[in-house]
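Visitor: below is the sequence, then the predicted model.
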Amino acid sequence: MTGSRYEMPDKKSEICVIGGGPAGLEAAIAAKELGAQVLIIDDNPILGGQLIKQTHKFFGSKAHYCGVRGVDIGTVLNEKAAALGVEVVNNATVVGYYDNDTLGILRDDTFSAVRAERYIFATGASENMLAFDNADLPGVYGAGAVQTMMNVYGVVPGRRALVVGSGNIGLIVPYQLLQAGVEVAAIVEIMNKVGGYYVHAAKIKRAGVPIYLKHTVTEVQGKESVEAAVISQVGDDYTCLMGTEKTIECDMILIAIGLSPLCDLLHQAGCRIDYIPELGGHVPYHDKNMRTSRSNIFVCGDLACIEEASTAMLEGRIAGARAYESLHGRKSRAAEIARQAQKELDIIRTSPFEERIVYGKKKFFPGQVPEAKS
Amino acid sequence: MYDYITRHPILEFKRGKKVKFHFEDTELEGYENQPIAAALHAAGIKVLSFSDKYNRPRGFFCAVGKCSSCLMEVNGRPNVMVCMEPLRAGMRVKRQKGRGKSR
């Protein structure tokens, strides 16, 4: 890299958390509350991860911030971490996991190294892409990208949107587009039912946005950027049915078909990575304590499995408490934090929406896998 | 000509101070510290680069610094992720062609 300097100031910490989203912040808070020295490294100017763009209110119980908007939960967690004295390195990208268990970080063109006794990775996930004709045209965006542009930076993302996928992101973001004064042409969903929560689907339907089930996008048209999209119905084998094509005028396509865990650094660290589609694809192996196959590395949040912010926060608390325990021996307070978080997690995971996750997590332990899910 | 959300039922946007910067040969306005991609999008610019082999127009995809679809030339330096890079007064931003060249 031109103009970069190489430095080895060797920042040291007891516990280093990589990624300051809901999972990483809760992990840092839990470990710090117990008395550990904690450092968070994050690539954004403000911590909070994807919470900073979530204007919708959360569900669940009071303990999971029910009725509070994601953006406000981010503020609460930031204040908590700051009050406890969690050290933060922002605007920094972790670029490698090296020998001697050292992290390389890049901040303002300066390379430096961080060394910690325990690492908690909470790097989150990236949005999946879908292949169709002209899928690379400007205007084909991740749904989360549009949410960022609109809710964090206040930029009008476009005039008229087509959304692909009806999971919770595919249902929430179009509603937020309407709030920002942007038209939503339709949502297309390849499956025969809506993927996300019914309340979100009902809200968007009430606003007059059609949801086309068993439909997908086959082509995007436009010269320099999106001008229209062609959608088509699919048959039982998910191939497009000839003659069902419809052209929809729009200037942006929001891809909301799922996320993939960002586990590159863990690959490099030599952690065992399994392929578990129910959890989002390649995911780091972890036990109930969120510990990976390498004893000094813990994981939590979307990196461990693609789920919700509420469950990410609970997993974060478990990872933080157990990482502390692994350094300082068994402590009743740490066990209590982990036990309480696990209890709440188990309650959330009784939901039918969580069945897939529960099944997927069991796949890490082959002896426990029940009959194949239909 | 700049497309920002002015009224929103939930959010209030705090923006940095107004600054001028250069995109190709035109002078544009943006807010200090907002990502360069946000300033360009608000000014109606969606094409950020051209692909290496087929010269196809490219825009951002993830807007959170993960996908590398938004690489541009900033102050003569190629491969700058403009969805993350904060805008500063006087910056020179250019559409990158292919893999870009250091200047």
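Guide: Right, received. Where do you want to start? Residues are numbered from 1 along each chain as shown, chains lettered A, B, ... in the order given.

Visitor: endpoints of stretch A:140-151, how far apart?
Guide: One end of stretch A:140-151 to the other measures 18 Å (Cα to Cα, to the nearest Å).

Visitor: and that stretch with chain B, contact?
Guide: Yes - using Cβ under 8 Å from any Cβ of the partner chain, stretch A:140-151 reaches chain B at A:140-142, A:144-146, A:148-151. All C-beta spots, glycine's among them, are computed from the backbone N, C-alpha and C.

Visitor: turn those residues into JSON lines, columns for pLDDT, neighbour count and secondary structure.
Guide: Below are these laid out as JSON lines (pLDDT from 0 to 100; neighbours: other Cβ atoms under 10 Å in any protein chain shown; DSSP: H, G, I helix; E, B strand; the rest coil):
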{"residue": "A:140", "pLDDT": "98", "neighbour count": "27", "secondary structure": "strand"}
{"residue": "A:141", "pLDDT": "98", "neighbour count": "27", "secondary structure": "strand"}
{"residue": "A:142", "pLDDT": "97", "neighbour count": "27", "secondary structure": "strand"}
{"residue": "A:144", "pLDDT": "96", "neighbour count": "25", "secondary structure": "helix"}
{"residue": "A:145", "pLDDT": "97", "neighbour count": "29", "secondary structure": "helix"}
{"residue": "A:146", "pLDDT": "97", "neighbour count": "28", "secondary structure": "helix"}
{"residue": "A:148", "pLDDT": "96", "neighbour count": "25", "secondary structure": "helix"}
{"residue": "A:149", "pLDDT": "96", "neighbour count": "26", "secondary structure": "helix"}
{"residue": "A:150", "pLDDT": "96", "neighbour count": "26", "secondary structure": "helix"}
{"residue": "A:151", "pLDDT": "95", "neighbour count": "25", "secondary structure": "helix"}
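
Visitor: which single one of the residues you listed is nearest to chain B?
Guide: residue A:145 (3.5 Å; Cβ to the nearest Cβ).

Visitor: which residue is the nearest non-sequential neighbour of the residue of the stretch 51-200 of chain A found nearest chain B?
Guide: At 2.7 Å from chain B, residue A:138 is the closest residue in the stretch 51-200 of chain A, using Cβ to the nearest Cβ. Distance criterion Cβ to Cβ, 6 or more residues apart in numbering or on different chains; nearest residue to residue A:138, sequence neighbours excluded, is residue B:59 at 2.7 Å.

Visitor: close enough to count as contact, that neighbour and residue B:45?
Guide: No - with contacts counted by Cβ atoms under 8 Å, residue B:59 stays clear of residue B:45, the gap being 9.0 Å.

Visitor: which of those two has more neighbours?
Guide: More crowded of residue B:59 and residue B:45, by other Cβ atoms under 10 Å in any protein chain shown: residue B:59, with 26 against 19.

Visitor: for the more buried one, give me its contacts.
Guide: The contact partners of residue B:59, by Cβ atoms under 8 Å, 6 or more residues apart in numbering or on different chains, come to A:137-141, A:225, B:46-48, B:69-70.

Visitor: of those residues, which is the nearest to residue A:36?
Guide: Residue A:36 lies nearest to residue B:70 out of these, by Cβ to Cβ, at 37.1 Å.

Visitor: which residues of chain B lie near chain A?
Guide: B:3-5, B:7-11, B:13, B:15, B:33-35, B:37-38, B:41-42, B:46-48, B:51, B:56-67, B:77, B:83-84, B:86, B:102.

Visitor: just the ones of these in helices?
Guide: Among the residues of chain B next to chain A, the ones falling in helices (DSSP state H) are B:37-38, B:41-42.

Visitor: let's verify residue A:346: helix, strand, or coil?
Guide: helix (DSSP: H, G, I helix; E, B strand; the rest coil).

Visitor: give me the buried positions along stretch A:151-166.
Guide: A:151-158, A:160-166 (16 or more other Cβ atoms under 10 Å in any protein chain shown).
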